[in-house]
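Student: Predicted coordinates and the sequence they were generated for:
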Amino acid sequence: MSTFKNANIMITGGLGFIGSNLARRLVSLGAHVLLVDSLIPEYGGNIHNIQGIENKVKVNISDVRDPHSFKYLIQGQDYLFNLAGQTSHMDSMADPFTDMEINAHAQLAILEACRKYNPGIKVVFASTRQIYGKPDYIPVDEKHPLRPVDVNGINKMAGEWYHILYNNVYDVRSSVLRLTNTIGPRMRIKDARQTFVGIWIRLLLEGKPFDVWGGEQLRDFTFVEDCIDAMLLAASSENANGKIYNLGGKEIVSLRQLADLLVKVHKKGEFVINQFPEDRKKIDIGDYYSDSTLIRHELGWAPKVTLEEGFRDILDFYESNMEYYL
Ligand SMILES: NC(=O)c1ccc[n+]([C@@H]2O[C@H](COP(=O)([O-])OP(=O)(O)OC[C@H]3O[C@@H](n4cnc5c(N)ncnc54)[C@H](O)[C@@H]3O)[C@@H](O)[C@H]2O)c1
């Protein structure tokens, strides 16, 4: 995509899982990339995520809750991929105010900085399917009611709507993508904070059985490179301004099928099906998969990577990089 050649691009959450993979793609497209990340240890940021491109990107370790640094960092940027976030649903229940500060308050502050110091910027915001809550129907399209089941969902919903509001009222061009479960190399595998698939991978590679809760819930998964395709399409399309798009996966699987596939790809390993723990059950959304027709029609996006190919890539990556992710 020539749009991004020599463009100045800021990625908040740029040392995290999706942000760092996006940075790699943008570097390969010839962009000038600035990564802004606080590296809070419990989140997915990891300096190893930029191994190999560390001399081709600029890194600023700062917190999106600091409006003073943003005032300067935002100036001169052509695009902002706004990915910094507190992503753990359980953490948002245990510490709701931190989640609110990062996922809602700071998002408003970032948009205020755009409005005042760089109104011509284009912003892409990473939202989440979590804001739909327990689906009334599946596949879930963008018209489905929003009924978040946890504090994280409420704050992410506020975060995305601030973006739409600033697009509509102040012409700070913004697009929102509602991501489903996203997987790929560089995701957090230390624990289940980012995704349960992370801890499955870790235990599998350590030769230990992993826990599958329930097992029958349906889910779809987007491979990170497909997610990045969507982000670049949204950034480069004027038709995407003020729009909200679901991302989805190529396949719909039960968690048991997903676990079976992971073991099959690794050619060894085992898992145990367990009951959902009580605290998780309360915020579980049951079956979910997305209807991503809108982005397919309007931006020509389609997921390309199968789960099997995705798992192969992920396992290859951690087999040689495990030590940096524990
Ligand atoms: N991975 C998924 O399945 C998924 C699904 C839906 C939505 N999302 C959204 O996509 C975005 C990226 O998620 P990810 O999976 O790459 O997670 P991640 O945790 O790997 O990345 C988030 C990054 O944001 C940084 N960050 C957190 N708080 C910050 C702060 N206050 N200031 C500066 N940086 C901060 C973290 O250090 C981390 O590097 C998030 O906004 C998340 O809500 C992800």
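Tutor: Thanks, I have the structure now.
Student: which residues of the stretch 151-300 of the chain fall in helices?
Tutor: 151-170, 196-205, 224-236, 255-266, 278-281, 293-299 (DSSP state H, counting those that start in this stretch).
Student: out of those, nearest to the ligand?
Tutor: helix 151-170 (6.1 Å; C-beta to the nearest ligand atom). Where you see a C-beta, it was placed from the backbone N, CA and C, and this is true even at glycine.
Student: what mean pLDDT does that closest one have?
Tutor: If you average the pLDDT over helix 151-170, you get 98.
Student: Show me what that helix is in contact with.
Tutor: For helix 151-170, contacts defined as C-beta atoms under 8 Å, 6 or more residues apart in numbering pick out 82, 85-89, 91-93, 96, 99-100, 102-104, 107-108, 111, 114-115, 119, 123, 125, 127-128, 130-131, 133, 146, 148, 172-176, 178, 241-242, 244.
Student: what residues does the chain put near the ligand?
Tutor: By the rule C-beta under 6 Å from any ligand atom, the part of the chain lying against the ligand is 12-13, 15-19, 37-40, 43-45, 63-65, 83-87, 102, 126, 128, 179, 181-182, 188, 194-195.
Student: Dig out what residue 124 forms beta bridges with.
Tutor: Beta-bridge partners of residue 124, counted by DSSP bridges, are residue 81, residue 175.
Student: Residue 8 is nearest to which of the helices of the stretch 151-300 of the chain?
Tutor: For those, proximity to residue 8 was assessed by C-beta to C-beta; helix 224-236 is nearest, at 12.6 Å.
Student: which residues touch that closest one?
Tutor: In contact with helix 224-236 (C-beta under 8 Å, 6+ apart) are residues 1, 3-4, 17-18, 21-22, 25, 79, 81, 122, 124, 126, 175, 177, 179, 182-187, 240, 243, 245, 247, 250, 295, 299-301, 303-305.
Student: ChimeraX command for the buried members of these?
Tutor: Typed into ChimeraX, the line below selects the buried ones among those, using 16 or more other C-beta atoms under 10 Å:
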select :4,17,18,21,22,25,79,81,122,124,126,175,177,179,182,183,184,185,186,187,240,243,245,247,250,295,299,301,303,305
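Student: follow-up on the earlier one: report the buried members of the contacts of helix 151-170.
Tutor: Looking at the contacts of helix 151-170 with 16+ other C-beta under 10 Å, the buried ones turn out to be 82, 85-89, 91-92, 99-100, 102-104, 107-108, 111, 114-115, 123, 125, 127-128, 130-131, 133, 148, 172-176, 178, 241-242, 244.
Student: So which residues of the stretch 1-150 of the chain form helices?
Tutor: Going by DSSP H, counting those that start in this stretch, the stretch 1-150 of the chain shows helices at 17-28, 67-73, 89-94, 96-100, 106-117.
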